[in-house]
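Enquirer: Here is the input, now give the coordinates:
(chains A and B)
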Amino acid sequence: MEIVAVIDFETTGLSPAQGDRATEIAAVIVEDGKVVDRYQSLMNAGVRIPSFIESLTGISDAMIRQAPPAAEVMQAVSDFVGDLPLVAHNASFDCKFWDAELARIQRGRQKDFICSLLLSRRIFPQAPSHKLSALIEYARLPVAGRYHRALADAEMAASLLLRLEEELQQRHGVTEVSPDFLRQIQRVPKNQLAKCIASRRR
DNA sequence: TGCCAGGCCCTCTTTAGGGCCTT
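Expert: Numbers count the residues shown, from 1 in each chain, chains lettered A, B, ... in the order given. Below you'll find the model as predicted:
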């Protein structure tokens, strides 16, 4: 597969439209079946961390106070990933924050995200759950660190993506797994998945 | 005052409702 960047945000809540902000971001570069580069940073957006979020992520107000400004971090991570295709687990969530935080520094996004959750629903329909932790256990992939910290979650989403790619190649006989093909697969209705995959067989 | 996300996807659906998933 072409090089992609897998990203993960930790935030103060679920919706930038409701005033929630990013508190941490990680991005890992995946090339030739492995992670070859990593970026991770907490970020200070000048907001308080709700107690529920502190319990969930372990990220506290004290940690955020010492972090670089959100604008500086977003500029750095945006430079780090460049124009690579972006991947996230439940990408509709990370995409909202990516767009919202980039808009604050007058930057934008060119391409649609690839979503490892949507791909998992199609490639592993039999999995008991499609949340990241359950899929890591289901696919017997290594736990990269504490769940709900950006770098660990990005690393695990990357290993899940590689496992999904492997499944397409080995089980379904797909020869070339391009980002465009993954975007196609993740949107295809269930009853058309086999037909869509067949078009890429050797 | 009371409200408070939103996209995907299934089904006891399509003039809708509710669970899943992200923090």
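
Enquirer: show me the contacts for the one residue sitting closest to the centre of chain A.
Expert: Geometric centre of chain A, nearest residue: A:A88, 1.8 Å, by Cα atoms, centre = their mean. By Cβ atoms under 8 Å, 6 or more residues apart in numbering, the residues touching A:A88 are A:6-8, A:94-95, A:113-116, A:157. In this view, the C-beta of every residue, glycine as well, is placed from N, C-alpha and C.

Enquirer: Mind doing that once more with 6 Å?
Expert: A:7, A:94, A:113 (Cβ atoms under 6 Å, 6 or more residues apart in numbering).

Enquirer: and the residues you listed as CSV, adding secondary structure?
Expert: Below are those laid out as CSV (DSSP: H, G, I helix; E, B strand; the rest coil):
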residue, secondary structure
A:I7, strand
A:D94, helix
A:F113, coil
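
Enquirer: of the residues you listed, list those near DNA strand B.
Expert: Near DNA strand B, judged by Cβ under 7 Å from any atom of the strand, there are no entries from the contacts of A:A88.

Enquirer: Name the nearest of those residues relative to DNA strand B.
Expert: A:D94 (7.4 Å; Cβ to the nearest atom of the strand).

Enquirer: Quick check, that closest one in contact with A:F9.
Expert: Yes: contact status for A:D94 versus A:F9: in contact at 5.3 Å, counting by Cβ atoms under 6 Å.

Enquirer: Which among the contacts of A:A88 count as buried?
Expert: Using 16 or more other Cβ atoms under 10 Å as the burial test, the contacts of A:A88 include A:7, A:94, A:113 as buried.
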